[in-house]
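Colleague: Sequence first, then the predicted structure:
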Amino acid sequence: MKANSRVAAIPLSETIALDTRAKELIAAGRDVLNLSAGEPDFDAPQVVRDAARAAVDGGQVRYTPAPGRKNLRDAIAKHLQDTRGVAFTGDEVIVCHSAKHALSGSLLGLIDPGDEVLLCLPAWVSYVEQIKFAGGTPVGAKPRDDMGPDWDALEAAVTPRTKGIIWNSPSNPSGYVATRAETERLVAFAERHDLWILSDEIYRRLTYGDAESVSPVEFGDAARARTVIVDGASKAYAMTGYRIGFLAAPADFAGAIGRLHSQLTGSPNAISQDAYLAALREEPAEVPGRVAEFERRRDAIVGGLRELGLDVPEPRGAFYVFPRVTPFLDERMSAGFCEDLLETEGLAIVPGSAFGMPEYVRFSYAAALETLQDAVARMGRFLAPRR
Ligand code: PMP
Ligand code: GLU
């Protein structure tokens, strides 16, 4: 049976495809280091696991309201107030099956056919397909060399059909963290061109050194009125498999997405709602130590790749590093590079082409330090004969 043309056009997510392939090779006994998917290698914090078990044992396993339980929506509103410094109410929050679900619901609710949506390249792999599926056209704008927003490129990408922009700081795949001034400039840019802002803040908790995560909603009521925040449990609380996240937006838009989800997907996972609530009540004790560990890993892999002579834009958040490998590419660009690297050295990383920048590759450093050191050594062996 054939899928219709809209669905048939969707490729498998490249990050997920590579992760699956690497795991298959490992299961088949190959010596493969898998730095492809961006997923914390820690278990969920103790309070989360306890709450999930209590939900199962206490019978908290029925359908909930489609936008999520009120106690969780209120807790997320309070968390937003605490972390972004802006007041939210529970009816401005829609609990979703994941941040990915929050993004797809938001885009289905924002985009009219033919609308153009700006992406700051490099941009996470699923934005493009989600925009297209919602009937829009993604338009990428090239970054500066340090991976920050190039305002001239963004201005040049605006047309009368441009309706919105996706903003992702800290960024997957570059790890770039927008400064306060850049976030303020984004808000001014969106106001000038009358754009909505979809702010994907899933890596908000993971910043290093003096980098800080800033949300567009911090710049006044007008900014808040045109912004949808997406966030969730996957990255900060190592809860990727729990599948739980949220969007926060003005109540009329949030309500519309809640109704959409009531028809498309129904209520989010009841057990995960309780587990997420436990993480939000008080930051789990494990989190700060893990952020510090990510920073040590970042330093190790960035240092190692720079010693190999690669141009590595400084990642100040998330858990990815995005070096440029231009001198080592053939006509297959980063896709061929990553294929050969997996084949010859057993190192799985993601080609930058998945993020709109085919001269780069992405390493996830959500792995043990020794694994990262081994990965750098393998990369060194791979590059040596190609110099
Ligand atoms: N946004 C970005 C930038 C991501 O890297 C991810 C991770 N896959 C997501 C959203 C989705 O997170 P999840 O669906 O696991 O909540
Ligand atoms: N966000 C992760 C990544 O980019 C997980 C995989 C996915 O959902 O695409 O690798």
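Modeller: Structure received. Ligands and ions are numbered 1, 2, ... in the order given.

Colleague: going forward, measure contacts between C-alpha atoms and count neighbours the same way
Modeller: Will do.

Colleague: what residues does the stretch 51-200 of the chain put near ligand 1?
Modeller: Where proximity means Cα under 6 Å from any ligand atom, the interface of the stretch 51-200 of the chain facing ligand 1 comprises 98-100, 124, 172, 200.

Colleague: and these, which of them are in strands?
Modeller: When these are checked against strands (DSSP state E), the matches are D200.

Colleague: Turn the residues of the stretch 51-200 of the chain next to ligand 1 into CSV, including neighbour count, distance to ligand 2 and pLDDT.
Modeller: Converted to CSV, those look like this (neighbours: other Cα atoms under 10 Å; distance: Cα to the nearest ligand atom, whole Å; pLDDT from 0 to 100):
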residue, neighbour count, distance to ligand 2, pLDDT
S98, 25, 10, 98
A99, 25, 9, 98
K100, 22, 7, 98
W124, 19, 7, 97
N172, 26, 7, 98
D200, 25, 11, 99
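
Colleague: which helices and strands sit right next to the longest helix anywhere in the chain?
Modeller: Secondary structure assigned by DSSP state H gives helix 287-307 as the longest helix of the chain. Contact partners of helix 287-307 among helices and strands, from 3 or more Cα pairs under 8 Å, 6 or more residues apart in numbering; DSSP states H and E: strand 320-321, helix 369-383.

Colleague: The stretch 101-250 of the chain: helices as residue ranges?
Modeller: Assigned by DSSP state H, counting those that start in this stretch, the stretch 101-250 of the chain shows helices spanning 125-133, 151-157, 180-192, 221-225.

Colleague: So for the longest one, what gets flagged as buried?
Modeller: Under the neighbour-count criterion of 16 or more other Cα atoms under 10 Å, helix 180-192 has 180, 182-184, 186-187, 189-190 buried.

Colleague: and this structure, which of its residues are near ligand 2?
Modeller: Within the chain, the residues that sit near ligand 2 (Cα under 6 Å from any ligand atom) are 13, 15-16, 37-39.

Colleague: which ones among those residues are found in helices?
Modeller: The subset of these located in helices under the criterion DSSP H comprises 15-16.

Colleague: List only those of the residues of the chain next to ligand 2 flagged as buried.
Modeller: For the residues of the chain next to ligand 2, buried by 16+ other Cα under 10 Å: 15, 37-39.

Colleague: Distance of G209 relative to A236?
Modeller: Counting by Cα to Cα, to the nearest Å, the gap from G209 to A236 is 17 Å.

Colleague: And the lowest-mean-pLDDT helix or strand in the chain, what does it pack against?
Modeller: Among the helices and strands of the chain, helix 14-27 carries the lowest confidence by mean pLDDT, DSSP states H and E, at a mean of 91. Counting contacts by 3+ Cα pairs under 8 Å, 6+ apart, helix 14-27 packs against strand 33-34, strand 347-348, strand 350-351.

Colleague: One more pass at 10 Å, please.
Modeller: With contacts defined as 3 or more Cα pairs under 10 Å, 6 or more residues apart in numbering; DSSP states H and E, the secondary structure elements packing on helix 14-27 are strand 33-34, helix 125-133, helix 333-345, strand 347-348, strand 350-351.

Colleague: the inter-axis angle of it versus helix 125-133?
Modeller: Inter-element angle recorded for helix 14-27 and helix 125-133: 130 degrees (by axes from the mean of the first three to the mean of the last three Cα atoms, to 10 degrees).

Colleague: Now do helix 14-27: distance to the chain's middle.
Modeller: 19 Å (Cα atoms, centre = their mean, to the nearest Å).

Colleague: which among the residues of the chain next to ligand 2 gets closest to R378?
Modeller: Lowest distance from R378 to the residues of the chain next to ligand 2 (Cα to Cα) belongs to A37, with 18.2 Å.

Colleague: Does the closest one touch N172 like I think?
Modeller: No. Contact between A37 and N172 fails when scored by Cα atoms under 10 Å: they sit 11.0 Å apart.

Colleague: which of the residues of the stretch 51-200 of the chain next to ligand 1 lies closest to Y242?
Modeller: Distance to Y242, by Cα to Cα, is smallest for S98 among those, at 8.3 Å.

Colleague: The closest one reaches T265, doesn't it?
Modeller: No. The pair S98 and T265 fails to qualify as a contact (Cα under 10 Å) at a distance of 11.7 Å.

Colleague: ranges for the strands of the stretch 101-250 of the chain?
Modeller: Remark: strands of the stretch 101-250 of the chain, listed N- to C-terminal, are 116-120, 137-141, 162-168, 196-200, 227-232, 245-248; assignment by DSSP state E, counting those that start in this stretch.
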